[in-house]
Structure formats: structure tokens, C-alpha cells
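In: Predicted model, plus sequence, below.
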Amino acid sequence: MRFLTAGESHGPQLTVIIEGMPANLFLTAEEITTELLKRQGGYGRGRRMQIEKDTVEIMSGVRNGYTLGSPVTLVVKNDDHKHWLNIMGVSPIAESAQEQMKRVITKPRPGHADLVGGMKYDHRDLRNVLERSSARETAARVAVGAVSKILLQQLDIHVMSRVKEIGGIRDESNYTPEEIAAGNDLNDVRCLNETVAAQMRERIDDAKKAGDSIGGEVEVCVVNCPPGLGSYVHYDRKLDGRIAQSVVSINAFKGVSFGEGFKMASMPGSSVQDPIAYNETTGFYRLSNHLGGFEGGMTNGMPIIVNAVMKPIPTLYKPLPSVDIISKESYQASIERSDSCAVPAASIVCEHAVAFEIARAVLEEFQSNHMDQLKTQVERYREELRHF
Ligand SMILES: Cc1cc2nc3c(=O)[nH]c(=O)nc-3n(C[C@H](O)[C@H](O)[C@H](O)COP(=O)(O)O)c2cc1C
Ligand SMILES: C=C(O[C@@H]1CC(C(=O)O)=C[C@@H](OP(=O)(O)O)[C@H]1O)C(=O)O
């Protein structure tokens with residue numbers, strides 16, 4: 001399974017083509033839209049999210065609710081696009097948006113793609129860079145991940161996420177995957193502990209008031225993956241490696257780790273490796289999950305735990321020094337309409353990026369033209385492993 005996305009942040013739409021989906025998967029636009037709406041939410045987002053109401057349209061690859069085995073095309077319209085067009089009587093939001101869109105951007109924002117993108121593609125209006133470098137593209141990636149999650153659910157594999165830290169406020173609780181799943185839709189910082197959530201909101205408000213931004217850490221958890229997805233035989237088949245690439249390719253993500261992650265640097269081996277046990281009904285299993293579900297680039301049957309760090313948003317309402325690319329004079333960077341914290345939204349993006357990589361690995365392992373074939377193969381493999 002592979003996908004391509006296309007579309008600019010304020011262009012008419014985002015388009016995704018997913019190739020390699022098996023036939024006969026029941027797929028509705030509503031289910032995908034539910035995931036998109038989760039990404040739009042989250043405390044700390046800016047005005048753009050009040051303009052958009054992301055909904056998906058299925059344009060190909062599905063008939064009578066079921067996939068055909070042909071490429072699936074999904075479209076998410078950008079409602080903000082209409083503010084680009086110099087027409088119609090506009091609302092106050094639209095007027096200010098229109099002004100913003102017409103302005104040529106020449107003062108690059110440190111931390112965004114503006115300067116290097118301009119240098120590389122010879123753009124003298126940096127809006128030409130930010131249109132595609134914007135995290136608007138992550139809506140398309142969530143749409144792909146939503147389809148992946150629907151496929152994985154059919155195999156009883158579940159992917160979920162939560163926020164662990166925002167700007168130094170940390171939720172130290174060790175939740176079970178089930179607790180994370182139950183809390184999945186609940187609060188607007190995507191943290192299960194309400195006391196900590198209140199502190200996180202306050203931290204975001206403080207950053208916003210100070211004209212600053214903050215980042216944080218998210219956790220993605222995948223349960224009930226069969227052991228043996230991915231492979232140790234070649235670098236680009238290692239599934240933990242693929243997940244790391246996919247996660248760090250999300251806008252503003254700067255780090256990824258599995259299980260105990262960077263803490264392992266100071267832990268003895270006896271506290272890091274997960275002891276092996278066996279029981280006749282379930283086969284081999286582990287007594288702990290410090291490694292977060294991976295050994296040798298393969299799933300080991302324990303829950304996959306991915307931790308990922310998002311840097312603070314680059315656009316600052318109290319901007320940092322920059323240099324105008326035309327006049328070469330020193331200025332403050334441009335102020336674009338912006339989120340002050342997008343960690344809760346980004347946890348959803350991360351969840352869906354991981355879901356895609358797991359679904360891709362499943363389909364590589366159990367090549368199938370249709371869902372019944374896939375389910376039968378996965379079940380047979382699980383049964384074989386129980387008797388290994
Ligand atoms: C969900 C989400 C929303 C984001 N919103 C903004 C934003 O409003 N303003 C901004 O400057 N950056 C935002 N970013 C981050 C930038 O897109 C990102 O920092 C930029 O593309 C440069 O890429 P890099 O940080 O990976 O180097 C957001 C990222 C995500 C994942
Ligand atoms: C549009 C989205 O996020 C955008 C990501 C983003 C950036 O620079 O990455 C900048 C902002 O865009 P705008 O300049 O239009 O306000 C965010 O709103 C989205 O998540 O759907």
C-alpha cells in the first residue's frame with residue numbers, strides 16, 4: 001500500500017490517492033471525517049480551525065460502500081480557499097484573511113520552511129513556500145491513516161494516542177492502552193488526567209499571552225499486532241525504522257523513541273530487555289514491555305509504544321529577528337495567523353501516521369486481493385504462532 005498527497009494550504013482542496021487497498025473493505029466518508037474532526041480540535045489552535053470543517057469526499061475506488069481494489073481517491077476541501085478569491089461581500093474574518101493572503105511575504109520565520117524553501121526553489125514571495133510546507137497537509141495524512149485504521153480494526157488491531165507533555169507540564173500516569181482508547185475523544189488536550197489537563201491549558205494560555213509558542217510529547221499505542229511484522233533482514237524493512245521516518249516527517253516533529261525510549265541510555269540491560277514466557281493457550285509472551293513492542297525491527301506481539309516530540313510552533317506573535325529577502329535589512333519575522341500549540345492535534349496526526357505504517361506492513365506480509373483473504377491469512381498465522 002502506498003499513497004500520494006497533493007494540495008496547498010489555501011488552494012481549493014487536498015487530494016490523496018491510496019493504492020494497494022484490498023477489495024471489499026467497508027469504507028464510509030463519515031468514518032474518515034470523524035478522525036479528521038479529531039485532528040481539527042485541540043486546545044491552542046488558531047483561527048484557521050474555526051474556518052475549516054474538514055470533511056472527506058470519496059472520489060474513486062469505492063462502490064456501494066465497499067473498496068474495489070482500485071486506487072482510492074479522497075478529497076478534503078479547504079473552506080479558507082474562498083477568502084483567497086477577490087470576490088463577494090466578506091465577513092470580518094474573511095476580510096482579514098484576504099488581506100493576509102494578498103500580502104507578499106519577504107521576512108522568513110525562523111523555524112519554518114520559509115527561508116530555505118525560498119532559496120531552494122527561487123521563490124521571492126515566501127507564501128509560495130508556506131502553502132505546501134504548512135501542516136494543512138497533515139489533514140490528508142490523517143485521511144490515509146483513517147482508512148488504515150478501518151482496515152486494521154477488521155483484523156482486531158487498534159491504534160490510539162494521547163498527549164504526555166505540553167511545555168513542561170507532564171502527565172506521568174502510566175495508562176493502559178484500553179484507558180487511552182477510552183479517553184480518545186474526551187478532552188481537548190488529549191490527556192486523561194483532568195488536573196494535569198487544566199495545567200496544560202494554563203501553560204498554553206500563558207504562552208499565547210506572551211506571544212510565544214510551546215511544544216510537547218505524544219504517545220501512540222498499537223495493540224494486538226501479531227509478532228513478526230517488519231523484518232530484520234534489510235534496513236528498509238525494519239518496521240520501527242519506518243515508523244520513525246514517518247513520524248519525524250510530520251511537521252515540527254523532532255524526535256521519536258520506542259518504549260522506555262531515551263531513558264534506556266541510563267538503564268541496565270536487565271531492566272530493559274523483556275523476559276520471555278510461554279503458556280500453552282497463547283504461546284510465547286513477554287513479562288514486561290520496556291522495548292515498546294519491537295525486537296530486530298519486528299513487532300514482538302506486545303503493544304507498540306511510540307513516543308514523539310513536537311517542537312514549539314515557529315510562528316511567534318512576538319517574532320524573532322529575521323532578514324528581509326529582498327532588501328536584506330534586519331526585521332522581525334512575519335507574523336502569520338497561527339496556532340500557539342498544536343500538540344493535541346499533532347497526536348492525532350502521529351496516530352494516523354503509525355496506523356498507515358502498520359497497515360502497510362500487514363499488507364506486505366499477507367498480500368491479499370480482498371478482505372476475506374486477508375482476514376483468513378492473518379488468523380491462520382496467529383494460530384500457527386500459538387503452536388510455535
Ligand atoms: C497540526 C499542526 C499544526 C501546526 N500549526 C502551525 C501553525 O499554526 N503555525 C506554524 O508556524 N507552524 C505550525 N506547525 C508547524 C509547522 O508546520 C512546521 O514547523 C514547519 O512546517 C517546519 O517544519 P519542521 O518544524 O518540521 O522543520 C504545525 C504543525 C502541526 C503538526
Ligand atoms: C491549516 C492547518 O494548520 C495550519 C498549519 C500552519 C503551518 O504553518 O504549518 C499554519 C496555520 O495555517 P493558516 O496560516 O492558514 O492559519 C495552521 O492553521 C490545519 O491543520 O488544517
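Out: Everything's here; your move. For clarity, every value in this text was computed on a predicted model and none was experimentally measured. Numbers count the residues shown, from 1 in each chain. Ligands and ions are numbered 1, 2, ... in the order given.
In: hey, which helix or strand in this structure has the poorest pLDDT?
Out: Scoring the helices and strands of the chain by mean pLDDT, DSSP states H and E places helix 92-102 at the bottom, with a mean of 58.
In: buried stuff in the next helix or strand after it?
Out: The first helix or strand that comes after helix 92-102 along the chain, using DSSP states H and E, is helix 114-121. Of the residues in helix 114-121, Asp114, Leu115, Gly117, Gly118 count as buried by neighbour count, 16 or more other CB atoms under 10 Å. Heads up, the C-betas are built off the backbone N, CA and C, glycines and all.
In: Which residue lies closest in space to the last one, excluding its sequence neighbours?
Out: Using CB to CB, 6 or more residues apart in numbering and skipping the chain neighbours, the partner closest in space to Gly118 is Leu126 (5.2 Å).
In: wait, isn't that neighbour in contact with Asp114?
Out: Yes: using CB atoms under 8 Å, Leu126 is in contact with Asp114, at 4.4 Å.
In: Give me every residue in the stretch 1-150 of the chain lying close to ligand 2.
Out: Proximity of the stretch 1-150 of the chain to ligand 2 (CB under 6 Å from any ligand atom) is limited to residues Ser9, Gly46, Arg48, Glu52, Ser134, Ala135, Arg136, Thr138, Ala139.
In: wait, what's in contact with the fourth one?
Out: Contacts for Glu52 (CB atoms under 8 Å, 6 or more residues apart in numbering) come out as Gln40, Asn78, Asp79, Asp80.
In: what about the third one, how many residues close to it?
Out: Right, Asp79. 12 (other CB atoms under 10 Å).
In: before we move on, the earlier item: need the residues touching each of Leu126 and Asp114.
Out: By the contact definition CB under 8 Å, 6+ apart, Leu126 and Asp114 are jointly contacted by Ile105, Pro108, Ser334.
In: how about stretch 283-291: buried residues?
Out: Gly283, Arg286, Asn289, His290, Leu291.
In: And the residues you listed, which two are furthest apart?
Out: The largest separation in these, counting by CB to CB, is between Gly283 and His290 at 20.7 Å.
In: who's in contact with the residue of the stretch 101-250 of the chain found nearest ligand 1?
Out: In the stretch 101-250 of the chain, the residue that lies nearest ligand 1 is Ala135 (3.3 Å; CB to the nearest ligand atom). Taking CB under 8 Å, 6+ apart, we find Ala135 in contact with Ile250, Asn251, Ala252, Ala342, Ala346, Val349.
In: SS state for it?
Out: Classification of Ala135 by DSSP: H, G, I helix; E, B strand; the rest coil places it in coil.
In: With Glu336 instead?
Out: When classified by three-state DSSP, Glu336 comes out as coil.
In: Distance of it relative to ligand 2?
Out: 5 Å (CB to the nearest ligand atom, to the nearest Å).
In: Surely that residue and Leu130 touch.
Out: Yes: at 7.3 Å, Glu336 and Leu130 qualify as touching, with contact defined as CB under 8 Å.
In: Neighbours of Leu14, how many?
Out: 24.
In: Show the contacting residues for it.
Out: By CB under 8 Å, 6+ apart, Leu14 lies in contact with Thr5, Ala6, Gly7, Val75, Val76, Asn78, Arg136, Glu137, Ala139, Ala140, Ala143.
In: hmm, 10 Å instead?
Out: Going by CB atoms under 10 Å, 6 or more residues apart in numbering, Leu14 touches 5-8, 54, 56, 74-78, 136-141, 143.
In: which of those residues count as buried?
Out: Of the contacts of Leu14, these count as buried by 16+ other CB under 10 Å: 5, 7-8, 54, 56, 74-78, 136-141, 143.
In: ok, is the one helix or strand Val256 maps to in contact with ligand 2 or not?
Out: Per DSSP H and E, Val256 falls inside strand 253-258. No: applying CB under 6 Å from any ligand atom, one finds strand 253-258 separated from ligand 2 by no less than 12.0 Å.
In: Just give the strands next to that strand in its sheet, each with its orientation.
Out: Note on strand 253-258: by DSSP bridges, its sheet partners are strand 304-310 (antiparallel).
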